[in-house]
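S.K.: can't give you the sequence, but here's the structure:
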DNA sequence: CATCTAAACTAGCGGTGTAAGTTTTCATTC
DNA sequence: GAATGAAAACTTACACCGCTAGTTTAGATG
């Protein structure tokens, strides 16, 4: 069939369908032919709208990143802003966990990722952090959020715990928690994030604003 | 050619060659045919020694994880043990960064990853942490280390900074640091790790051992 | 010597991303 | 209104992928 009366594909349609496919069946199932079939079309037709497969993946990843809320950096104190951002970031990633391995490989040419980095960096510098420190903090939080979305500790455990329970005695209790994967992940994330922020606040008090933080009123 | 006088392949040879290939040319370049060519052999011959491609990757990943030192958990205080472990873990991953995306997706059936998890969990429980907390701490640190090895902030930036400098004003300074990628990553890692440990120590003092930590000598 | 197994081989299946060229529709311009 | 050119689908094809099946022969074992 040649060109139809009404185009069957648009960039937005492709991205939405790709997101749905990846969410439902995972990254390995996402192929150009498969996606095209989902759209009632023939594989190469996608190349009228995107130059490469990766460009489609970038668009999907950028949509996911675009859902992250960084508004706290203009309205709240930096600790609250970081906390809200990290949780929003985590929610955005865990809503589409299958795209995370692709997304985790750097901001690349995805504007939403760059806009996010810009907002975080700017907010921290405005709060008084030295530029180099602001870069470090943004990166450290990104590491933590991306790692938590990607490498769930529980996910990796295989089905039959007794298989290795004998060899790794301490894990006998731990991997039972694999059944509660989500709560383990959330608990680990909450603990790690709070600890990180606690440590950063201490560093801030020590190096950026010793006077205000040293007072008895906190 | 049929069976040679002396076997050309062994599991160890395959793993070593696969590691070298991945290190040198990245995960996408790693194919069974390509690896076989590197070994002077014909693709399918690999299946005499490994059942699937993923089994080869698991072996590579396990070798990498096996280089991580967890000995601190039997000889040092828990904070020092965590810090040493995290740095050793990071060194192991950054020595073979291209395998990290594969490795980050959970311990799976890789014995070294399970042994590492076991050592960390056991050490923390011995130090007095409640089992659930020990699981959370181990996971949080793993998130951070894996994320730092995987998603270097700097790596993702494209070559020409001026391209997006106009759109994201705050980043104008930040991405200049992309040239010093390694130092940025290390600085972010050091800051994040110290902050995490600082926060965990505070939590420990509050919930696990309030008496000893509250004294003026603590 | 006969037999069995191991470790290589060749051939091939169904899948991948994507390049090239074709066809037809639609929008624009003389 | 006819001609033109771009757009958006198509078909075909290439080189590669993981992997299976069956074959061949060297070495080990009875």
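M.R.: The structure has been received and is ready for your questions. Every value quoted in this text rests on a predicted model; they were computed, and no experiment measured them. Numbering: from 1, shown residues only, chains lettered A, B, ... in the order given.
S.K.: excluding its backbone neighbours, what's nearest the most centrally placed residue in chain A?
M.R.: The residue lying closest to the centre of chain A (Cα atoms, centre = their mean) is residue A:93, at 4.0 Å. Leaving aside its sequence neighbours, residue A:93 sits nearest to residue A:149 (Cβ to Cβ, 6 or more residues apart in numbering or on different chains; 3.7 Å). C-beta coordinates here come from the backbone N, C-alpha and C atoms, glycine included.
S.K.: enumerate every residue touching that neighbour.
M.R.: Neighbouring residues of residue A:149 by Cβ atoms under 8 Å, 6 or more residues apart in numbering or on different chains: A:90, A:93, A:94, A:97, A:100, A:104.
S.K.: just checking, the residue nearest to the centre of chain A touches residue A:145?
M.R.: Yes - if you go by Cβ atoms under 8 Å, residue A:93 and residue A:145 touch, sitting 6.9 Å apart.
S.K.: low pLDDT regions in chain A?
M.R.: Low-confidence segments of chain A (pLDDT under 70): A:1-8, A:106-109, A:151-180, A:212-218.
S.K.: in it, which helix is the longest?
M.R.: helix A:181-207 (DSSP state H).
S.K.: in that helix, what's buried?
M.R.: A:184-185, A:187-189, A:191-204 (16 or more other Cβ atoms under 10 Å in any protein chain shown).
S.K.: got the angle for it vs helix B:181-207?
M.R.: Counting by axes from the mean of the first three to the mean of the last three Cα atoms, to 10 degrees, helix A:181-207 lies at 100 degrees to helix B:181-207.
S.K.: outline the domain layout of chain A.
M.R.: Chain A is divided into the following domains under automatic domain parsing: A:11-50, A:69-214.
S.K.: just the helices in chain A please.
M.R.: Under DSSP H, chain A gives helices at A:11-25, A:32-38, A:53-66, A:72-75, A:78-94, A:100-103, A:111-126, A:131-150, A:162-165, A:171-174, A:181-207, A:210-214.
S.K.: just name the most buried of the ones you listed.
M.R.: Burial of these is given as mean neighbour count (mean count of other Cβ atoms under 10 Å in any protein chain shown); helix A:131-150 ranks first at a mean of 25.
S.K.: if we can go back for a sec, same list, the buried residues of helix A:181-207, but only the ones touching chain B.
M.R.: A:184-185, A:187-189, A:191-192, A:194-200, A:202-203 (Cβ under 8 Å from any Cβ of the partner chain).
S.K.: now residue A:14. Nearest residue, chain neighbours left out?
M.R.: Spatial nearest neighbour of residue A:14, chain neighbours left out: residue A:49 (5.9 Å); criterion: Cβ to Cβ, 6+ apart.
S.K.: what about the one you found, distance to residue B:211?
M.R.: As for residue A:49, its distance to residue B:211 is 66 Å (criterion: Cβ to Cβ, to the nearest Å).
S.K.: returning to what we had before: can you tell me which helices and strands the longest helix of chain A packs against?
M.R.: helix A:78-94, helix A:131-150, helix A:210-214, helix B:131-150, helix B:181-207 (3 or more Cβ pairs under 8 Å, 6 or more residues apart in numbering or on different chains; DSSP states H and E).
S.K.: so which of these gets nearest DNA strand D?
M.R.: Of all the helices and strands packed on helix A:181-207, it is helix B:131-150 that lies closest to DNA strand D, at 21.1 Å by Cβ to the nearest atom of the strand.
S.K.: direction-wise, compare that closest one with helix B:111-126 and give the angle.
M.R.: 130 degrees.
S.K.: helix B:131-150: how far from the chain's middle?
M.R.: Averaging C-alpha positions (Cα atoms, centre = their mean, to the nearest Å) puts helix B:131-150 11 Å from its chain's average.
S.K.: enumerate every residue touching residue A:49.
M.R.: For residue A:49, the contact set (Cβ under 8 Å, 6+ apart) comprises A:9, A:10, A:11, A:14.
S.K.: how near is it to residue A:24?
M.R.: Residue A:49 sits 21 Å away from residue A:24 when distances are taken as Cβ to Cβ.
S.K.: excluding covalently adjacent residues, which one is nearest to residue A:65?
M.R.: Going by Cβ to Cβ, 6+ apart, residue A:65 has residue A:112 as its nearest residue, at 4.0 Å.
S.K.: so the one you found versus residue A:103, what's the distance?
M.R.: Counting by Cβ to Cβ - residue A:112 and residue A:103 are separated by 10 Å.
S.K.: which neighbours do those two have in common?
M.R.: residue A:65.
S.K.: isn't residue A:196 up against residue B:192?
M.R.: Yes - using Cβ under 8 Å, residue A:196 is in contact with residue B:192, at 6.5 Å.
S.K.: who touches both of the two?
M.R.: A:140, A:141, A:144.
S.K.: quick one on the thing from earlier: closest one of the ones next to chain B among the buried residues of helix A:181-207 to residue B:42?
M.R.: Within these, the smallest distance to residue B:42 is 43.4 Å, found for residue A:185 (Cβ to Cβ).
S.K.: distance of the closest one from residue A:149?
M.R.: According to Cβ to Cβ, residue A:185 stands 9 Å off from residue A:149.
S.K.: cool, residue A:143 as well?
M.R.: On the measure of Cβ to Cβ, residue A:143 and residue A:149 end up 11 Å apart.
S.K.: in contact with the residue nearest to residue A:128 when sequence neighbours are not counted, which residues?
M.R.: The shortest distance from residue A:128 to any non-neighbouring residue, by Cβ to Cβ, 6+ apart, is to residue A:208 (4.9 Å). The neighbourhood of residue A:208, defined by Cβ under 8 Å, 6+ apart, consists of A:128, A:129, A:130.
S.K.: now those residues in TSV, with distance to residue B:29 and neighbour count?
M.R.: As requested, the contacts of residue A:208 are exported to TSV (distance: Cβ to Cβ, whole Å; neighbours: other Cβ atoms under 10 Å in any protein chain shown):
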residue	distance to residue B:29	neighbour count
A:128	45	13
A:129	40	22
A:130	40	12
